[in-house]
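Undergrad: fold the stuff below for me.
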Amino acid sequence: MLVLLLLGCTVVAQAQSAKKITPPSNRSFSPEETAARNPLPAVPAATQSFGLPVPALQPISAFVPGLGNAVGVKTILGENGLPIFFETNTPQPIDANRQSPSENALRFWAQLQPKAIQDPINEFVVKAVQTDEQGNFHVRMQQVYQSVPVYGAEVVAHSQNGQWIRITGRYFPSTIGLSTTPKVSADAAYAAVLSDFGADHLKTRWSDEELR
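TA: Purely as a prediction, here's the structure:
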């Protein structure tokens, strides 16, 4: 019995040693062979995730602050492309001994060299001068064109601690190019208003304060 058992183990060991072990192949495969070994199709590279359009990227231009014609003047532009705010880095002292606040303000306005204005001193007239509790001046100047006031065109010069520092407001270019010759006479205009509104709704007199 023991002899038969030993004989059986010997036969199994010989059968196992007789099996051939195939070493792994290191050779490369052709594209056809690779496709045959890998039947699944390759996933193409995505050009744009989720099918969204490719945005056209534009470089951001460098920020350039808006400057007035005069050097060292910071400005803010309005919707018409002209400045609505001027502030100088070198405040202009108020010469109260030689000039009035009105003359000082006009001179300061001219030194700022406002864009599109040819002659600031002669194209603007002072309408009002106010002094606040700190003693600072606020001079309101009306733009005129051929001696006619330009509607909606006023600037205000502001002082602080005895110096002019900024001007705010709105104005139009010197070359407006409009005719100042009235197309309707004063009498015709008065008659038209009288006809539309009646005499009880007309006001023909205004105080100096109302006209400012």
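Undergrad: going by C-alpha atoms from here, please, whenever you check contacts or count neighbours.
TA: Noted.
Undergrad: number of nearby residues for the nearest residue to Phe137 once chain neighbours are set aside?
TA: Nearest residue to Phe137, sequence neighbours excluded (C-alpha to C-alpha, 6 or more residues apart in numbering): Thr131, at 4.7 Å. Close neighbours of Thr131, defined as other C-alpha atoms under 10 Å, add up to 12.
Undergrad: so which residues make contact with the top strand by length along the chain?
TA: Longest strand of the chain, by residue count under DSSP state E: strand 148-160. Identification of contacts with strand 148-160 by C-alpha atoms under 8 Å, 6 or more residues apart in numbering yields 105, 109, 136-144, 164-172, 180.
Undergrad: narrow the residues you listed to those in strands?
TA: Filtering those for strands - DSSP E - leaves 137-144, 164-170.
Undergrad: taking the residues you listed, tell me the two that lie furthest apart.
TA: Val144 and Ile165 (23.6 Å; C-alpha to C-alpha).
Undergrad: Ala105 - nearest residue in space that isn't next to it in sequence?
TA: Counting by C-alpha to C-alpha, 6+ apart, Ala157 is the residue found nearest to Ala105 once chain neighbours are left out, at 6.0 Å.
Undergrad: could you give the bridge partners of that neighbour?
TA: Judged by DSSP bridges, the bridge partners of Ala157 are Val139, Ile167.
Undergrad: that one: how many residues sit nearby?
TA: 24.
Undergrad: kindly report the same for Lys127.
TA: Lys127: 15 neighbours (other C-alpha under 10 Å).
Undergrad: hmm, it is touching Met141, no?
TA: Yes - using C-alpha atoms under 8 Å, Lys127 is in contact with Met141, at 5.5 Å.
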